[in-house]
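Asks: My questions are about this predicted structure, shown below with the sequence.
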Amino acid sequence: MSTSALKEVPTKGPDHISPQWKQSARPIQKFGTVIRSLPIGIDERARTEVCEQLNLMLADTSSLRDLYKKSHWQVGGPTFYQLHLLFDKHFGEQAELVDQLGERIQTLGGVSVAMAHDIAELTRIARPPRDREEVPVQISRLLEAHELIIKNARALAKKAQDLGDDATNDLLVSDVVRTNELQVWFLSEHLVEMPLVHAK
Ligand SMILES: [Fe+2]
């Protein structure tokens, strides 16, 4: 086949294969609402109440996750390496909890909070400064956030059970409370005075 024969094949032009990417439409579900009817045996009122509280738990957990990354990056001093690694390990575990909470809310027919702007408005965890802080201050800040989450998770676990939502109760007790309590242990031990060379 000659080159001139190829040129004669008609085409639709390059616009035909361009991705249609500048699209927009109204949202399909408003934040704060739940899907009316779901075949999971938990009524709309109970799911609305649980989702509202789970979104606060999700916002707090997202904040704690990010506080761990801030601490991972900004830590300094003689224990730099071990804390740098520990903070990142805890970051990963909190990120897993964020995913579980977000997916639980969607499973209940709700809408999960996701973006930093919205999380900043919802979270009950105090805003840390952008500045670097000393290790004991970093750890104290993390421990306060953990306690807030643990207390709220326990209270919400009881409420979920009262409303017949056993799976949310299980997620909060088996995953959120357990993970947070274990992380508190690992952090707290760094704030105990302990001789390294000569016993007192
Ligand atoms: Fe890193």
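Replies: Perfect, I can see it now.
Asks: What is the neighbour count of residue 163?
Replies: Using other C-beta atoms under 10 Å, residue 163 has 17 neighbouring residues. Quick note: C-beta positions are derived from backbone N, CA and C, even for glycine.
Asks: separation between it and residue 41?
Replies: Separation of residue 163 from residue 41 (C-beta to C-beta, to the nearest Å): 12 Å.
Asks: and if you look at residue 194?
Replies: From residue 194 over to residue 41 the distance is 52 Å, taken as C-beta to C-beta.
Asks: try residue 137
Replies: Taken as C-beta to C-beta, the span from residue 137 to residue 41 is 47 Å.
Asks: Equivalent analysis for residue 139, please.
Replies: Distance, residue 139 to residue 41, using C-beta to C-beta: 43 Å.
Asks: Equivalent analysis for residue 49, please.
Replies: On the measure of C-beta to C-beta, residue 49 and residue 41 end up 16 Å apart.
Asks: now do residue 197
Replies: 61 Å.
Asks: quick one, which of those two is more surrounded?
Replies: Each of residue 197 and residue 41 has its neighbours counted (other C-beta under 10 Å); residue 41 has more, 7 against 4.
Asks: Which residue, other than its chain neighbours, is closest to that one?
Replies: Leaving aside its sequence neighbours, residue 41 sits nearest to residue 164 (C-beta to C-beta, 6 or more residues apart in numbering; 7.6 Å).
Asks: Please report the number of neighbouring residues for the one you found.
Replies: Using other C-beta under 10 Å: residue 164 sits among 13 other residues.
Asks: The one 10 residues further on now?
Replies: Counted by other C-beta under 10 Å, the residues lying close to residue 174 total 11.
Asks: how about it, secondary structure?
Replies: Classification of residue 174 by DSSP: H, G, I helix; E, B strand; the rest coil places it in helix.
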